[in-house]
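1. Predicted model, plus sequence, below.
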Amino acid sequence: MPKPYYALADKRIFAQESLLGLLELAHSRGVHPDKLLKGSSLFSGDIEDASTMLSAQQLLTIFKNAKRSFGADDSSFLLGQYLLPGNHPQFASAILASPTLLDLIELLQKFGFLSQPLIEFKSVYDDQNLYLQLLPVDIDDYANDFLMESISSAFFSFSRWLGVDTSSWSCLHAFKEPKYQEQFLVHYGLRPKFASHINAIIIPRASLSEQLPRGSRARFDLACKLCKQNLAEKSSRSLSLWVYQSLQDELSQAPGLEELAERLELSPASFKRHLKAEGRSYQAILDSVRRHMAVYYLHTGQLSTEQIAQKLNYHDKHNFKRSFRRWTGINPSVYLASS
């Protein structure tokens, strides 16, 4: 039975497929490929071999190099134009045939790893909206701003190309507001709310089931079957994402470190060591899950502070407020007022 996770250092991503957009943008900007690949243990000659594989860790390094190398304010947004439908043939066929926006989002959740291996797409609903969370494989919401801008821009622009009206959408970014605000208006069509401590796109539920003019249920279903076959026997979650999902699923009675280690047939020491190799710890991931869910609950406005504390498995609202201040620097009431 395959492991339910992969390590960030595992080489399981086709380099050519995942780097094509970055390399084309680099060429247009006069940036040598080796500058993008610095510190990744790869060189431009390696990419010419179609069989070359790279790890999520290497790909994260390359994206951070891109932010430094490209320089121009619009670089991340222009990169987004290359990311969807992407270069994986079965996934691209499916997403191009999406019958509805809901089908597109569910496709990204199930098979998004095939096209965008650095992001997990997660959704949470309230009465009015769907919150599409963009969660990086290393669970670092703040350091991956270039990646988040690229993926978000890709989702906005591709949705519009499919015929979706995005004018009623909104967007939250975890990182602080950059100087190039005008780029978000151009490429997203809106100004995100920055320093939100989560990366998410908020979409009215009423629009999810509208039929898209380019959609085809038959082509979509066939391509999804091929995507499923492509993912067979493979894990699509990093260890950090596996821990995140396990904690989120049982947050009101979150399993401890020892219990999660046992589920993976690891000793607690080995489990800690594997997480440390990804720059994470059990407590840091638990804090991320709680922070994200707290932000979601505050945005919906449907629960009191006491109810949120209970859902996040805190003994009382005072402990929750202290944690929230530690995560964000402000009280939940201040965050709510600013949102």
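-> Nice, I can see it.

2. Assign a three-state SS to Pro2, would you?
-> coil (DSSP: H, G, I helix; E, B strand; the rest coil).

3. And it, how far from Leu231?
-> 11 Å (C-beta to C-beta, to the nearest Å). (Each C-beta comes from the backbone N, C-alpha and C, glycine too.)

4. out of the two, which sits in the busier spot?
-> With neighbours defined as other C-beta atoms under 10 Å, Pro2 and Leu231 compare such that Leu231 has more, 16 against 9.

5. per-residue confidence at the more buried one?
-> Here, the pLDDT recorded for Leu231 equals 83.

6. so where's the stretch 101-250 of the chain uncertain?
-> Within the stretch 101-250 of the chain, the ranges that satisfy pLDDT under 70 run 233.

7. which stretches of it form helices?
-> 101-111, 145-162, 181-187, 217-231, 239-249 (DSSP state H, counting those that start in this stretch).

8. Any chance of the ones you listed in CSV with distance to Lys11 as columns?
-> Shown next, in CSV, are the helices of the stretch 101-250 of the chain (distance: least, C-beta to C-beta, whole Å):
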stretch, distance to Lys11
helix 101-111, 20
helix 145-162, 19
helix 181-187, 32
helix 217-231, 17
helix 239-249, 15
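
9. how about these, which one is nearest Thr61?
-> With C-beta to C-beta as the criterion, Thr61 lies closest to helix 145-162 of those, at 11.4 Å.

10. okay, the angle between that closest one and helix 101-111?
-> 140 degrees (axes from the mean of the first three to the mean of the last three C-alpha atoms, to 10 degrees).

11. So Tyr282 versus Phe43, what's the distance?
-> Distance from Tyr282 to Phe43, by C-beta to C-beta: 37 Å.

12. between these two, who's got more neighbours?
-> Counted by other C-beta under 10 Å, Tyr282 and Phe43 do not tie: Tyr282 has more neighbours, with 20 against 12.

13. how close does the more buried one sit to Gln57?
-> Taken as C-beta to C-beta, the span from Tyr282 to Gln57 is 20 Å.

14. ok, now which ones touch Trp242?
-> By C-beta atoms under 8 Å, 6 or more residues apart in numbering, the contact set of Trp242 is 4-5, 235.

15. buried subset of the residues you listed?
-> If you count burial by 16 or more other C-beta atoms under 10 Å, the buried members of the contacts of Trp242 come out as 5, 235.

16. Can I get the contacts of Trp242 in JSON lines including distance to Gln116?
-> Formatted as JSON lines, the contacts of Trp242 follow (distance: C-beta to C-beta, whole Å):
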{"residue": "Pro4", "distance to Gln116": "20"}
{"residue": "Tyr5", "distance to Gln116": "18"}
{"residue": "Ser235", "distance to Gln116": "16"}
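
17. Check which helices and strands the strand or helix carrying Leu19 is in contact with.
-> If you go by DSSP states H and E, Leu19 is part of helix 15-28. In this structure, helix 15-28 makes packing contacts with helix 33-36, helix 44-47, strand 53-55, helix 56-70, helix 75-83, judged by 3 or more C-beta pairs under 8 Å, 6 or more residues apart in numbering; DSSP states H and E.

18. Give the pairing partners of the shortest one; include direction for each.
-> Paired with strand 53-55 in the same sheet, following DSSP bridges, are strand 11-14 (antiparallel).

19. what residues does the strand it pairs with touch?
-> 6, 50, 52-56, 58-59, 117, 234.

20. Which of these sits closest to Gly21?
-> The closest of the contacts of strand 11-14, once distances to Gly21 are taken by C-beta to C-beta, is Leu59, at 12.1 Å.

21. ok, the closest one - contacts?
-> 13, 18-19, 117-118.

22. Return the per-residue confidence for it.
-> Confidence score, pLDDT, at Leu59: 98.

23. how much space between it and Ile139?
-> The separation that Leu59 has from Ile139, given C-beta to C-beta, amounts to 15 Å.

24. Among the contacts of Leu59, which one lies nearest to Ser170?
-> Nearest member of the contacts of Leu59 to Ser170, counting by C-beta to C-beta, is Leu118, at 23.4 Å.

25. I figured that closest one hits Ile62, correct?
-> No. Contact criterion C-beta atoms under 8 Å: Leu118 and Ile62 do not qualify, at 9.9 Å.

26. how about Leu212, what does it touch?
-> By C-beta under 8 Å, 6+ apart, the contact list for Leu212 reads 98-101, 162-164.

27. brain fart, Asp74
-> By C-beta under 8 Å, 6+ apart, the contact list for Asp74 reads 180, 183, 186-187.
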